[in-house]
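> With the sequence up front, the predicted model follows.
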Amino acid sequence: MDLRLGNGFDVHRFCEGDHVVLCGVNVPHDKGLKGHSDADVGMHAATDAIYGALAEGDIGQHFPPSDPQWKGAESHIFLRHAVDLASQKGYSICNIDVTLICEKPKIGPHAARMRKVMAQITGLNPDQVSVKATTSEQLGFTGREEGIAAIATAALVRT
Ligand SMILES: Nc1ccn([C@@H]2O[C@H](COP(=O)(O)O)[C@@H](O)[C@H]2O)c(=O)n1
Ligand SMILES: C[C@@]1(CO)OP(=O)(O)OP(=O)(O)OC[C@H]1O
């Protein structure tokens, strides 16, 4: 059995707006998130966790921010690409665990929907996808509400 673990980390800064997209879910907020794509920081971290497990570089290598093709892109494109790459190499995804780091918005009320959406994109069951959150106790850039950070872990297996 060939078991692989990968991690992903991403940050997007806040900008003017009235919602953020997190793990595929539109969450009302008094700010937006700035990015070349839809700035879905949680989905980007999950995507990089899969690329990491495969030793296949990172999201920016597969989808360069300099490429206008990805301007405003919905991030399910990136996650699905990583899943398809895993499948091509003979790997199944065991689970994905995402932690969103922000003071606001509150993630708890949206976490079940996020898990469901991520599961649909990846072809996993919702019980294989975890989305959770923490504040940083008002410390650092997330604590000052300058942006949102996300970390993710993915486990892949090839039998
Ligand atoms: N954006 C967030 C941050 C936190 N939560 C939930 O609150 C709990 C307590 O957060 P601490 O940072 O004080 O540990 C946390 O465990 C989450 O359940 C949230 O929903 N959204
Ligand atoms: C997703 C990409 C797509 O161009 O752009 P951003 O939305 O800026 O997101 P980031 O997390 O900085 O990853 C880089 C890019 O691959």
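Yep, that arrived. Ligands and ions are numbered 1, 2, ... in the order given.
> Please make it C-alpha for all contacts and neighbour counts, starting now.
Fine.
> My guess is Ala73 contacts Asp38. True?
Yes. The pair formed by Ala73 and Asp38 meets the contact definition of C-alpha atoms under 8 Å, at 5.8 Å.
> Settle it for me: which of the two has more neighbours?
Comparing Ala73 with Asp38 by neighbour count (other C-alpha atoms under 10 Å), the higher total belongs to Asp38, at 20 against 16.
> Check the spacing between that one and Ile77 real quick.
Distance, Asp38 to Ile77, using C-alpha to C-alpha, to the nearest Å: 11 Å.
> just Val129 next, same as before
Separation of Val129 from Ile77 (C-alpha to C-alpha): 18 Å.
> okay, the two: which has more neighbours?
Neighbour tally, Val129 and Ile77, criterion other C-alpha under 10 Å: the higher count belongs to Val129, 21 against 14.
> excluding its backbone neighbours, what's nearest the more buried one?
With C-alpha to C-alpha, 6 or more residues apart in numbering as the measure, Ile96 is the residue that lies nearest to Val129, at 5.0 Å, once sequence neighbours are left out.
> does the residue minimising distance to the centre of the chain count as helix, strand or coil?
Taking C-alpha atoms, centre = their mean as the criterion, Met43 is the residue nearest the geometric centre of the chain, at 1.9 Å. For Met43, the assignment made with DSSP: H, G, I helix; E, B strand; the rest coil gives helix.
> which one's the longest strand in this structure?
In the chain, taking DSSP state E as the definition, the longest strand is strand 2-15.
> Run me through the strand neighbours of that strand, direction for each.
Taking DSSP bridges as the criterion, strand 2-15 forms sheet pairs with strand 32-33 (antiparallel), strand 147-158 (antiparallel).
> Okay, strands next: where are they in this protein?
Per DSSP E, the chain has strands spanning 2-15, 19-22, 25-28, 32-33, 92-101, 129-134, 147-158. These are given in chain order.
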